[in-house]
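Colleague: Sharing a model prediction with you, sequence too.
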Amino acid sequence: MARKPKDVSVLHGHRVVTGPELRATFEAAGDPDDPVRLRRRVIHGVVLVLLLGLIVGAVITALAIVNGQLRIPAAEVSDEPAALCPAASFGYTPHEKINLNVFNSTSRPGLARTVADELLGRKFQVGSVANTDAGYRGVAAVVSGAAGQSAAFSVQRNVPGSDYFQDGRADASVDLILAGDYKGLAAAEQVDQTPGKLSCPRESRRIADDAKWPVIPTAAPTP
């Protein structure tokens, strides 16, 4: 009996893929018009452009820093006093223990001398009495260093509506700078002497000229 010719397209029960079929499969996978393949190429191109842009930007930034054209902000210690209001509460300091200077920043002649005499009558230790150009808008500015904050608190209680500023002085002296809205001292018998906090300026009553922050009195000859 004649033997049946062996089917070369089947090997161990599996169909053998021929060369032409394999080539056709790869050609189909490499079809340049395939939308999936095109989308991948676009994504790869965008990523490559972005990476190149980042590298170029980094190089340009580095060169600008080296050449001094670009400065990176750094934390610096400022010599200016903090603008924040002291959070501590203060007791009322007796008037005779307060060294107080009185300045007139208004156009009203003799105001510093008048108020100084009133404060002397209340036993404050008044030192300098003069005119000043403080650039402050409000009732009055009460100025001291950290050591004079308790004394400044007592002065504020005698000057309703005043605003406190801290400067860098080391002693406990206090400056009272009278401004355009000043009307007068609180009645002596109505001064609140209970403990409390300093009253700091609202934004509309800060120093108009930043160069004069917080307040730097400049004495003039006539009070």
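Modeller: Happy to help now that I have it.
Colleague: ends of stretch 130-150, how far apart?
Modeller: Stretch 130-150 stretches 24 Å from its first residue to its last (C-alpha to C-alpha, to the nearest Å).
Colleague: what is the mean pLDDT for it?
Modeller: Here stretch 130-150 scores 91 as its mean pLDDT.
Colleague: Please name every helix or strand in contact with the longest helix anywhere in the chain.
Modeller: Identified as the longest helix of the chain according to DSSP state H is helix 35-66. On a contact count with 3 or more C-beta pairs under 8 Å, 6 or more residues apart in numbering; DSSP states H and E, helix 35-66 meets no helix or strand. C-beta here means a position set from N, CA and C on the backbone, and glycine is covered the same way.
Colleague: and the next element down the chain from that helix?
Modeller: strand 99-104 (DSSP states H and E).
Colleague: partner strands of that following strand, parallel or antiparallel?
Modeller: Paired neighbours of strand 99-104 in the sheet (DSSP bridges): strand 125-131 (parallel), strand 174-178 (parallel).
Colleague: right, and those strands - which one's nearest Ile65?
Modeller: Closest approach to Ile65 among these is made by strand 174-178 (45.0 Å; C-beta to C-beta).
Colleague: Could I get the contacting residues of Gly145?
Modeller: Gln166, Asp167, Gly168, Arg169, Ala170, Asp171, Ala172, Ser173 (C-beta atoms under 8 Å, 6 or more residues apart in numbering).
Colleague: can you give me phi and psi for it?
Modeller: Gly145 has phi and psi values of phi -90, psi -180 when expressed as degrees, to the nearest 10.
Colleague: From Gly138, how far out is it?
Modeller: Note on Gly145: its distance to Gly138, by C-beta to C-beta, to the nearest Å, is 21 Å.
Colleague: try Val59
Modeller: Separation of Val59 from Gly138 (C-beta to C-beta): 53 Å.
Colleague: The two: which has the busier surroundings?
Modeller: Using other C-beta atoms under 10 Å as the criterion, Val59 and Gly138 rank with Gly138 on top: 18 against 10.
Colleague: Surely the more buried one touches Pro160?
Modeller: No - using C-beta atoms under 8 Å, Gly138 is not in contact with Pro160; the gap is 11.6 Å.
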